[in-house]
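*Asks:* Predicted structure and sequence below. I'll ask about it afterward.
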Amino acid sequence: MVNDCVVKTSREDIMYKKSVCLAALLALTLCVGTGAQELGKGKVLFEYWDNISGTSVDGNLRTSANFPNNPTSSVWLDKFQSPSGRADNYGVRGRAYITPPETGNYTFWVAGDDNCQLWLSTDDNPANATMIAQVASWTGVAEWGKEAGQKSAPQALVAGQKYYLEGLMKEGGGGDSLDVGWAGPGIGDAATVIAGKYCTAFLRSPEPLFMAQNPKPADKAVDVVASTFEWTAGMNAVNHEVFLGTTPVLTAADQKPALPGVAMYYHFDTLEPGKTYYWRVDEIDAAGNKYPGNTWSFTVMPMTAHAPTPADGAKDVAVKPTLTWTAGQTGMGHVVYLGKDKAAVTAGDPATLAGTMADAKFAPAAGLDAFSTYYWRVDEIDMAGATIAGPVWTFTTVTYASVLEGQTTLTYNNRNARRRPPSVPCGVCQNHRFLEPMLIGIGCEPLKSLL
């Protein structure tokens with residue numbers, strides 16, 4: 001169940017709105033109307049780690065810096081089978097507690113593409129799990145008989161007891177799948193994918209699927225001007241507590257007033273241009289359990305020009321640069337000041353006025369001086385014609401001169417070349433005589449490391 005929730009904020013006087021999250025109401029109905037149900041019942045947890053090359057569970061998936069605690073995504077599925085054709089270059093882990101319907105010996109199989117492993121515990125403790133089957137190379141989807149190692153030895157299980165079961169797969173390229181099957185009392189003699197009714201999803205602590213996720217704007221977003229803040233609600237959430245503040249540590253003083261029911265529109269206070277804000281959504285389930293969310297941040301787009309290129313303090317800038325920046329919120333035109341005198345640029349001295357631009361970029365008509373420090377500033381002009389002065393930035397032009405740029409042909413007349421005076425030592429140019437005309441008076445020693 002995925003719930004998309006919305007928080008409304010505006011810098012203007014916007015009509016108050018109220019919206020009911022249908023998915024949250026459905027969750028509430030299910031929890032209250034049918035009685036309490038064990039969390040994760042009927043589901044298998046699948047975690048995915050994307051952008052990992054290779055085909056080895058041990059050599060590629062387990063060695064990833066993000067394994068095991070930082071999967072790219074995770075989901076609950078209705079059986080112990082990950083969808084095929086998902087992607088290339090990823091790893092997956094499926095985890096659940098299985099409950100056998102009858103007491104007896106059960107046989108397990110694993111299939112998948114590429115390398116797979118299947119681990120079973122003697123009880124509900126993952127620490128007691130041992131590997132009981134594996135796919136060394138690859139198989140087709142639910143292809144149980146390609147390799148002998150896919151099939152486990154008989155496993156004695158007791159009806160009604162929970163056993164921790166974990167499957168892993170590392171996909172390289174081409175087909176991909178992870179399938180876990182079993183056979184035994186109450187199941188039948190043929191291998192079949194383990195159905196959700198025998199499974200209970202493994203719960204992490206905290207369980208990310210119960211927490212607010214996928215914030216919009218994204219965490220650490222900059223130049224935010226949108227008035228709508230959204231997130232994906234926790235899968236069992238029926239209510240939400242929203243916090244907004246200007247420090248990473250959000251307290252009760254930062255909590256926004258709750259609205260009736262599960263309405264999720266709020267009028268935040270005016271957001272200050274250029275300021276960084278922090279926000280968090282705590283999810284609450286039908287039983288009143290709270291799942292604190294992660295703290296996200298965003299920075300409101302300033303009114304001034306910002307994010308200059310070259311960056312403030314940049315060095316070795318070309319003498320014919322193109323200066324760019326991000327316009328302020330209301331910037332419709334841009335007045336550029338450029339010069340070597342910081343005080344003059346700061347004061348907006350007409351002598352440093354470089355031009356008024358329609359776009360957020362400026363290229364000086366003439367090349368700048370090398371080995372020099374320049375200061376520049378961009379003032380924004382809004383729709384009303386008001387000027388919003390920007391900060392003063394600086395950069396230094398190249399501190400070296402390129403002797404040869406690209407492909408260069410040197411033409412010389414060896415007959416007319418002047419002899420190198422005896423005073424000029426040379427252990428190099430006897431092998432590079434074409435350089436002699438350039439070396440007279442300076443010697444070759446400084447070039448030894450280059451030739």
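*Replies:* Arrived safely, thanks for sending.

*Asks:* which residues of the protein score low on pLDDT?
*Replies:* 1-36, 259-269, 400-451 (pLDDT under 70).

*Asks:* which residues sit against stretch 149-161?
*Replies:* Residues outside stretch 149-161 that contact it (Cβ atoms under 8 Å, 6 or more residues apart in numbering): 99-111, 118, 120, 123-124, 132-136, 139, 144-145, 163, 184. Bear in mind the C-beta positions are built from the backbone N, C-alpha and C, glycine included.

*Asks:* Pull out the buried members of these.
*Replies:* 99-100, 104, 106-111, 118, 120, 132-135, 139, 144, 163, 184 (16 or more other Cβ atoms under 10 Å).

*Asks:* In strands only, show me those residues.
*Replies:* Judged by DSSP state E, the subset of those located in strands is 104, 106-111, 118, 120, 132-135, 163, 184.

*Asks:* Can you tell me which of those is closest to Ala252?
*Replies:* Tyr163 (43.0 Å; Cβ to Cβ).

*Asks:* Would you map out the domains in the chain?
*Replies:* As given by automatic domain parsing, the domain ranges for the chain are 3-31+207-300, 40-201, 306-397, 414-447.

*Asks:* among the ones you listed, which is the most enclosed?
*Replies:* Mean neighbour count, computed with mean count of other Cβ atoms under 10 Å, is highest for domain 40-201 among the domains of the chain, reaching a mean of 18.

*Asks:* How far does it stretch from one end to the other?
*Replies:* 5 Å (Cα to Cα, to the nearest Å).

*Asks:* ok, now stretch 213-225?
*Replies:* 21 Å.

*Asks:* How about stretch 338-356?
*Replies:* Start-to-end, stretch 338-356 (Cα to Cα) is 12 Å.

*Asks:* Mind listing residues that contact that stretch?
*Replies:* By Cβ under 8 Å, 6+ apart, stretch 338-356 touches 323, 333-337, 362, 364, 369, 372-377, 379, 381, 389, 392, 394.

*Asks:* In helices, which of the residues you listed fall?
*Replies:* When the contacts of stretch 338-356 are checked against helices (DSSP state H), there are no matches.

*Asks:* Inside strands: which ones of these?
*Replies:* 323, 333-337, 362, 373-377, 379, 381, 392, 394.

*Asks:* Closest one of these to Gly59?
*Replies:* Using Cβ to Cβ, the ones in strands among the contacts of stretch 338-356 come closest to Gly59 at Leu323, 48.6 Å.

*Asks:* Centre of the chain to the strand or helix carrying Trp279, how far?
*Replies:* According to DSSP states H and E, Trp279 maps onto strand 276-285. Offset of strand 276-285 from its chain centre (Cα atoms, centre = their mean, to the nearest Å): 19 Å.

*Asks:* Which strands and helices lie in contact with that strand?
*Replies:* Here strand 276-285 touches strand 228-233, strand 237-245, strand 290-291, strand 296-300, going by 3 or more Cβ pairs under 8 Å, 6 or more residues apart in numbering; DSSP states H and E.

*Asks:* one more time with 6 Å, if that's ok
*Replies:* On a contact count with 3 or more Cβ pairs under 6 Å, 6 or more residues apart in numbering; DSSP states H and E, strand 276-285 meets strand 237-245, strand 290-291, strand 296-300.

*Asks:* Show residues contacting that strand.
*Replies:* With contact meaning Cβ atoms under 6 Å, 6 or more residues apart in numbering, strand 276-285 is reached by 212, 231, 234, 236-237, 239-245, 248, 250, 290-293, 295-299.

*Asks:* what's the answer for stretch 103-116, then?
*Replies:* Contacts for stretch 103-116 (Cβ under 6 Å, 6+ apart): 55-57, 118, 132-133, 135, 138-139, 142-144, 150-152, 154-159, 167, 169-172, 175-185, 191.

*Asks:* Strands along the stretch 51-200 of the chain, start to end?
*Replies:* 73-77, 81-82, 90-98, 104-113, 116-120, 130-135, 155-157, 163-171, 177-184, 188-193, 199-201 (DSSP state E, counting those that start in this stretch).

*Asks:* so which of the ones you listed comes closest to Ala358?
*Replies:* Among the strands of the stretch 51-200 of the chain, strand 73-77 sits nearest to Ala358 (Cβ to Cβ), with 43.0 Å.

*Asks:* Dihedrals phi and psi, Ala253?
*Replies:* phi -70, psi -20 (degrees, to the nearest 10).

*Asks:* how about it, what does it touch?
*Replies:* Counted by Cβ under 6 Å, 6+ apart, Ala253 has zero contacts.

*Asks:* Same question for Val392.
*Replies:* Val392 neighbours (Cβ under 6 Å, 6+ apart): Val345, Thr346, Tyr375, Arg377.

*Asks:* Assess the claim that Lys162 and Ile98 are in contact.
*Replies:* No. Here Lys162 does not reach Ile98: they are 7.2 Å apart, not a contact under Cβ atoms under 6 Å.

*Asks:* Now Asp124: closest residue in space, sequence neighbours ignored.
*Replies:* Lys162 (4.3 Å; Cβ to Cβ, 6 or more residues apart in numbering).

*Asks:* right, I mislabeled it, should have said Thr232
*Replies:* Asn214 (4.3 Å).

*Asks:* Would you agree that neighbour falls within a helix?
*Replies:* No. Judged by DSSP: H, G, I helix; E, B strand; the rest coil, Asn214 forms no part of a helix; its state is strand.

*Asks:* how much space between it and Gly293?
*Replies:* Applying Cβ to Cβ, to the nearest Å, the value for Asn214 to Gly293 is 11 Å.

*Asks:* next one: Val180
*Replies:* 32 Å.

*Asks:* Ok, Val392 next?
*Replies:* Taken as Cβ to Cβ, the span from Val392 to Gly293 is 40 Å.

*Asks:* repeat for Ala218
*Replies:* 15 Å.

*Asks:* Residues touching stretch 368-380, excluding its own?
*Replies:* 305, 319, 325, 328, 331, 334-338, 340, 342, 345, 387-390, 392-399.

*Asks:* quick one, what contacts Thr122?
*Replies:* Counted by Cβ under 6 Å, 6+ apart, Thr122 has contacts Asn128.

*Asks:* how near is Gln150 to Ala136?
*Replies:* 9 Å.

*Asks:* rewinding a little: want to throw the contacts of Val392 into TSV with distance to Arg93?
*Replies:* As requested, those are exported to TSV (distance: Cβ to Cβ, whole Å):
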residue	distance to Arg93
Val345	58
Thr346	58
Tyr375	55
Arg377	54
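
*Asks:* Name the nearest of those residues relative to Val92.
*Replies:* Distances from Val92 to those, taken by Cβ to Cβ, are shortest for Arg377, at 52.7 Å.

*Asks:* hey, what's that closest one bridged with?
*Replies:* Residues in a beta bridge with Arg377, per DSSP bridges, are Tyr337, Val392.
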